[in-house]
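Novice: below is the sequence, then the predicted model.
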Amino acid sequence: MRVFDYIIVCKSPDFKNVDRISQFMLLFSILAFSYSIYLGLFPKPALIIAIMTSFSSWWIFCIFQRKNGGMPYYRLGLLIASWGWYLQPNGLIIAGIFLISALFERQVKFPYEIAIDPTGIVVNTFPKKYYPWSAIQNMLIKDDYITIDFKNNQLIQKQINEAVSDAVMQEFNSFCETQLKVAQV
């Protein structure tokens with residue numbers, strides 16, 4: 001396991017659109033499965049009703065989790081719904097879409113972190129990005145924002161999740177300055 005000198009957690013954006021898409025997918029599944037039962041595609045619909053009940057219950061749990069200030073993850077509901085789509089006639093492609101959505105929802109909602117050590121900078125996104133110090137022109141923290149200025153005129157500027165004390169800010173900025181001078185040699 002790699003140990004970093006500094007790990008900076010940036011403020012996360014609101015994931016309302018991701019949540020809305022997940023909720024729409026679950027609602028679409030309820031409607032489609034109900035219609036399939038209505039058409040009589042399942043002579044014994046107990047399994048599909050159990051699947052609908054399961055992911056509907058998870059959806060309700062996520063709604064309560066959101067109201068209590070937590071981050072809802074719909075991936076279990078999407079996973080259960082993908083099983084229901086797998087059981088549908090000609091539903092294999094939609095089942096695959098639901099399965100992929102369930103696998104990537106957690107990664108999309110992962111907090112934006114920047115890890116720094118003497119070898120370089122790792123930005124924890126999907127996929128992870130690594131930048132050596134030789135690719136960076138300047139890096140500093142000021143007014144609770146981290147700014148990374150690259151030599152190719154790319155700029156990353158993110159607000160930090162928690163306030164940074166002056167002592168830590170000076171220590172971090174001097175660390176970055178030292179690493180940039182070492183990389184220039």
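Specialist: Cool, the structure landed. Numbers count the residues shown, from 1 in each chain.
Novice: give me the below-cutoff pLDDT ranges for this protein.
Specialist: Low-confidence segments of the chain, defined by pLDDT under 70, are located at 1, 185.
Novice: would you map the strands across it?
Specialist: 6-9, 113-117, 120-124, 129-132, 136-142, 145-150, 155-159 (DSSP state E).
Novice: so for residue 174, which of those sits nearest?
Specialist: strand 136-142 (9.8 Å; C-beta to C-beta). Where you see a C-beta, it was placed from the backbone N, CA and C, and this is true even at glycine.
Novice: so what touches the closest one?
Specialist: 8, 116, 121, 146-151, 160, 164, 169, 172-173, 176, 180, 183 (C-beta atoms under 8 Å, 6 or more residues apart in numbering).
Novice: what comes up buried for that strand?
Specialist: 136, 139, 141 (16 or more other C-beta atoms under 10 Å).
Novice: do stretch 60-68 as well
Specialist: For stretch 60-68, by 16+ other C-beta under 10 Å, it's residue 62.
Novice: quick check on the residue lying farthest from the centre of the chain: phi, psi?
Specialist: Distance from the C-alpha centroid of the chain peaks at residue 43, with 39.9 Å (C-alpha atoms, centre = their mean). Phi and psi for residue 43, reported as degrees, to the nearest 10, are phi -60, psi -30.
Novice: how far away is it from residue 164?
Specialist: Counting by C-beta to C-beta, to the nearest Å, the gap from residue 43 to residue 164 is 64 Å.
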